[in-house]
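1. Sequence plus the predicted model coming up.
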Amino acid sequence: MSELLKISGLHASIDADGTPKEILRGVDLVIPPGEVHAIMGPNGCGKSTLSYVLAGREDYEVTAGSALFKGEDLLAMEPEERAAAGIFLAFQSPVELPGVNNANFLRTAVNAVRRARNAPELDAVGFLKAVRAATKNLSMADDMLKRNVNVGFSGGEKKRNEVLQMTMLQPTLAILDETDSGLDVDALRIVAEGVQNLRSPDFSALVITHHQKLLDYLGPDRVHVMAKGRIIRSGGPELAKQINEEGYAAFLKEAA
Amino acid sequence: MPAVTETREQVEKLGKSSYEWGFETDIEMDVAPKGLNEDIIRLISTRKEEPEWMLEWRLAAYRSWLKMKEPTWAKVTHPPIDYQDVHYYAAPKKKDGPKSLEEVDPELLRTYEKLGIPLHEQAMLAGVEVPEGEEARLPVAVDAVFDSVSVATTFRKTLSEAGVIFCPISEAIRDYPDLVKQYIGSVVPVADNFYAALNSAVFTDGSFVFVPKGVRCPMELSTYFRINAKNTGQFERTLIVVEDGASVSYLEGCTAPMRDENQLHAAVVELVAMEDSSIKYSTVQNWYPGDENGRGGIYNFVTKRGACRGARAKISWTQVETGSAITWKYPSCILQGEESVGEFYSVAVTNNHQQADTGTKMIHLGRNSRSTIIAKTISAGKSDSTYRGQVKIMPKASGARNFTQCDSLLIGDQCGAHTVPYIESRNMTARVEHEATTSKISEDQMFYCRQRGLSQEDAVGLIVNGFCKEVLKELPMEFAVEAQKLLQISLEGSVG
């Protein structure tokens, strides 16, 4: 299969005080298996909306277009079905779950996804082994597993926790929504390595970012520029460099 | 036929008046007619082979009750209850029970399945009539976890070796009349409130526990094990007395929803803790809450109170309330002893049209007495839930301390949560703290969980269990696991 994800003419809007506001205006995008693609673009261009729509957030209404994931109609699936199918969204602002133990949350999620994928569930010991290995790779303190999900986590800890979840849930397509924002150099490197460790012919990533730095680590196969709800330019990694040096202005003029 | 013979003998013993109400002996061998009067109370007392003083006590309660009115201060509404339209002496589970599981509400069976209850126990819990001769196989009504008579007997032996008395209260009235007489009504007086007075007049069953000086009860006592637990009935009476330096942990209830024809329940629980003793009382209540439109369901009016009579005595109430159409319940502590401790940990869940008005009272009389209240309220559907708590520091309670935390969690936008604290301090040195929060399960939280592969129901379960964690950890281990599942099941269909 040459297409893991195929988005065609995708339009989506959000309800703004009773009137629909269109944010995605005909997105076309293809991600083949095993590739890392980056999306860059100015604030408000629809990058995060695209990630939410792909993950199934209900606030957005898809008004036209389609999204096929492994040949299936992604937009017809519930969010948890998409997760089971292999879509993982690393949140820009990970959500706090007071009172919910991080390890327990992770194990519940891992086993829910494994069940849906007809894989045997992990028992307590098996889970602990896997999660310990993962936290070590991400240089996470052990006590992060004992704390409540994202509660009182620093920005860096939250992002690392997202990468931990991604590692454990073994997605085929990870969408990273500005996972690098607010990270210091060391944290950025650790997060990037976390993603690199997953690289395989069965793992693709859609990386939304403003910064060249993360892409330097990841070495994306393709870079897309998004503006006003559409992909206006696609190219190789050199595109990211160009944006880094010249900004978006040239692209926006071109699109207008 | 012995039951009929016995019944006739009883009736004859009662003399002339008894013929007026007679018995519906044709099929339901042991059912008194509906209504409440002194003759009915005499009948109950006679059937229970009670001593004269007990009858007098009941009659005194009844006469007080006649002069009392239902309390109206709670935030619950229900149609008027006709107290003359109730059987006060009956074994209603045997009456009109479903003949087989096919006749049982499939919703109920689905819940049993989710709780992992085996089929024959499902039948028991649903009140399916058991063909004659098979009853021996199904010994204890709520014996859903542990098997049976042999276990119960072994436990009884261990308990009696330790000197602990644990038996049905009717048995205790006959076998340990002095103990019962000394303590019954000493914490909840017969005329304490409308429902307590009613209970005092007509109670037919319940538990009695006595732990003598210096004895730590060797096991957790549970209504699961109690012989005769089958007829818990609608007017349960429980009395637990723990002497100096002794301790006990008591579990009440069952996570499986109980089918019951009785709509009105009015139980009384009294706890007495002497010097350096401790009582831990845990409840999981899951009576039938009515259907999703609010029809049917149990009215549960309960008076629970404990007295810390000696220095350093401790009483701890933990409750998980998910059932009943109406819950009216305030497990309380009277902290008389110096440095005595009262605790109240509560989770109350309401869904659909359920109403719960529950909380606690901490009455501080002793110096340096301490109390802690952690109340978690979860409302979903069109339900209404109220925490009502009183903290009262009396003049002599120097150095008394209380900490109260009330948290409400709302699911959906049609439910209500209310917190009504009453705080009264008459001692300058006392310290009382009250914290309260209200929150909702946010869409962000739901989406986050679902993106990680959790179903909506699992997500709600996880968040709700997290919200209740401080209370659930107070429950004995095996209860806690079941309670977690129960919370999730109770809130099914409340999201999405």
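-> Yep, it's here. Numbers count the residues shown, from 1 in each chain, chains lettered A, B, ... in the order given.
2. tally of neighbours for the closest residue to chain B within the stretch 51-200 of chain A?
-> Residue nearest to chain B within the stretch 51-200 of chain A (C-beta to the nearest C-beta): residue A:99, separated by 2.8 Å. Placement of C-beta: from N, CA and C, glycine included. Residues near residue A:99, counting by other C-beta atoms under 10 Å in any protein chain shown, number 20.
3. could you give the mean pLDDT of stretch A:222-239?
-> For stretch A:222-239, mean pLDDT is 93.
4. Buried residues, it. List them.
-> Under the neighbour-count criterion of 16 or more other C-beta atoms under 10 Å in any protein chain shown, stretch A:222-239 has A:222-234, A:237, A:239 buried.
5. isn't the residue of the stretch 51-200 of chain A closest to chain B right up against residue B:473?
-> No: in this structure residue A:99 lies outside contact range of residue B:473 using C-beta atoms under 8 Å: 11.0 Å.
6. before we move on, the earlier item: what secondary structure does the residue of the stretch 51-200 of chain A closest to chain B sit in?
-> Residue A:99 falls in the coil class when you classify it by DSSP: H, G, I helix; E, B strand; the rest coil.
7. got a list of what the nearest residue to it once chain neighbours are set aside touches?
-> Excluding its sequence neighbours, the residue lying closest to residue A:99 (C-beta to C-beta, 6 or more residues apart in numbering or on different chains) is residue B:466, at 2.8 Å. Residue B:466 makes contact with A:97, A:98, A:99, A:100, A:101, A:148 under the criterion C-beta atoms under 8 Å, 6 or more residues apart in numbering or on different chains.
8. let's go with 10 Å and repeat that
-> In this structure, residue B:466 makes contact with A:97, A:98, A:99, A:100, A:101, A:104, A:105, A:148, A:149, A:151, B:409, B:472, judged by C-beta atoms under 10 Å, 6 or more residues apart in numbering or on different chains.
9. Checking it next. Helix, strand or coil?
-> Going by three-state DSSP: residue B:466 is helix.
10. From residue A:103, how far off is it?
-> Distance, residue B:466 to residue A:103, using C-beta to C-beta, to the nearest Å: 13 Å.
11. Same question for residue B:345.
-> Distance of residue B:345 to residue A:103, computed by C-beta to C-beta: 24 Å.
12. So for those two, which residue has more residues nearby?
-> More neighbours surround residue B:345 than the other of residue B:345 and residue A:103, with 24 against 18 (other C-beta under 10 Å).
13. Pairing-wise in the sheet, spell out the partners of the more buried one.
-> Counting by DSSP bridges, residue B:345 is bridged to residue B:318, residue B:374.
14. Assign a three-state SS to residue A:108, would you?
-> Of the three states, residue A:108 takes helix under three-state DSSP.
15. quick one: secondary structure of residue B:74?
-> Under three-state DSSP, residue B:74 comes out as coil.
16. which residues sit in contact with it?
-> By C-beta under 10 Å, 6+ apart, the residues touching residue B:74 are B:301, B:326-330, B:355-358, B:386, B:388, B:420.
17. Throw together a PyMOL command that grabs the buried residues out of these.
-> In PyMOL, selecting the buried portion of the contacts of residue B:74, with burial taken from 16+ other C-beta under 10 Å, looks like this:
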select buried, chain B and resi 301+326+327+328+329+330+355+356+357+358+386+388
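18. Please list the members of the contacts of residue B:74 that lie in helices.
-> Of the contacts of residue B:74, none are assigned to helices by DSSP state H.
19. CSV for the contacts of residue B:74, including distance to chain A?
-> Listed next are the contacts of residue B:74 as CSV, based on distance: C-beta to the nearest C-beta, whole Å:
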residue, distance to chain A
B:301, 31
B:326, 28
B:327, 23
B:328, 28
B:329, 24
B:330, 25
B:355, 26
B:356, 21
B:357, 25
B:358, 21
B:386, 22
B:388, 24
B:420, 24
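20. pLDDT score for residue 198?
-> No chain was given, so I picked chain A. 93.
21. my bad, chain B
-> What the model reports for residue B:198 is a pLDDT of 94.
22. can you confirm it is in a helix?
-> Yes: assessed with three-state DSSP, residue B:198 lies in a helix.
23. mean confidence for the host helix or strand of residue A:133?
-> If you go by DSSP states H and E, residue A:133 is part of helix A:124-137. What helix A:124-137 shows for mean pLDDT is 91.
24. do the same with stretch B:296-315
-> 92.
25. what bits of the chain have low per-residue confidence?
-> Went with chain A since none was named. Counting by pLDDT under 70, the ranges of chain A that qualify are A:1, A:255-256.
26. That was the other one, I meant chain B.
-> B:1-31, B:90-154, B:223-233, B:254-262, B:294, B:478, B:493, B:495-496.
27. Residues of it that sit close to chain A?
-> Residues of chain B lying close to chain A by C-beta under 10 Å from any C-beta of the partner chain are B:376, B:407, B:409, B:439, B:441-456, B:458-459, B:461-470, B:472, B:496.
28. Which residue ranges of the chain form helices?
-> Just going to use chain A. Counting by DSSP H, the segments of chain A that form helices are A:47-55, A:79-85, A:102-116, A:124-137, A:143-146, A:155-169, A:185-198, A:212-218, A:238-246, A:249-255.
29. should've been chain B
-> Counting by DSSP H, chain B has helices at residues B:2-14, B:18-21, B:38-47, B:52-66, B:106-115, B:119-125, B:148-162, B:169-175, B:177-183, B:194-202, B:443-451, B:456-467, B:469-472, B:477-490.
30. quick one, the third one and helix B:52-66 angle?
-> Helix B:38-47 and helix B:52-66 meet at an angle of 150 degrees, taking axes from the mean of the first three to the mean of the last three C-alpha atoms, to 10 degrees as the criterion.
31. before we move on, back to that, need the buried ones from the contacts of residue B:466 selected in PyMOL.
-> In PyMOL, this line selects whichever of the contacts of residue B:466 come out buried by 16+ other C-beta under 10 Å:
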select buried, (chain A and resi 97+98+99+100+101+104+105+148+149) or (chain B and resi 409+472)
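32. ok, so of the contacts of residue B:466, who is nearest residue B:84?
-> Nearest to residue B:84 among these: residue B:409, at 40.5 Å, using C-beta to C-beta.
33. what's across from that closest one in the sheet?
-> residue B:378, residue B:439.
34. ok, now which ones touch it?
-> Residue B:409 makes contacts with A:99, B:349, B:376-380, B:385, B:415, B:417, B:437-441, B:463-464, B:466-468, as judged by C-beta under 10 Å, 6+ apart.
35. if we go to 8 Å?
-> Residue B:409 neighbours (C-beta under 8 Å, 6+ apart): B:376, B:377, B:378, B:379, B:417, B:438, B:439, B:440, B:441, B:464, B:467.
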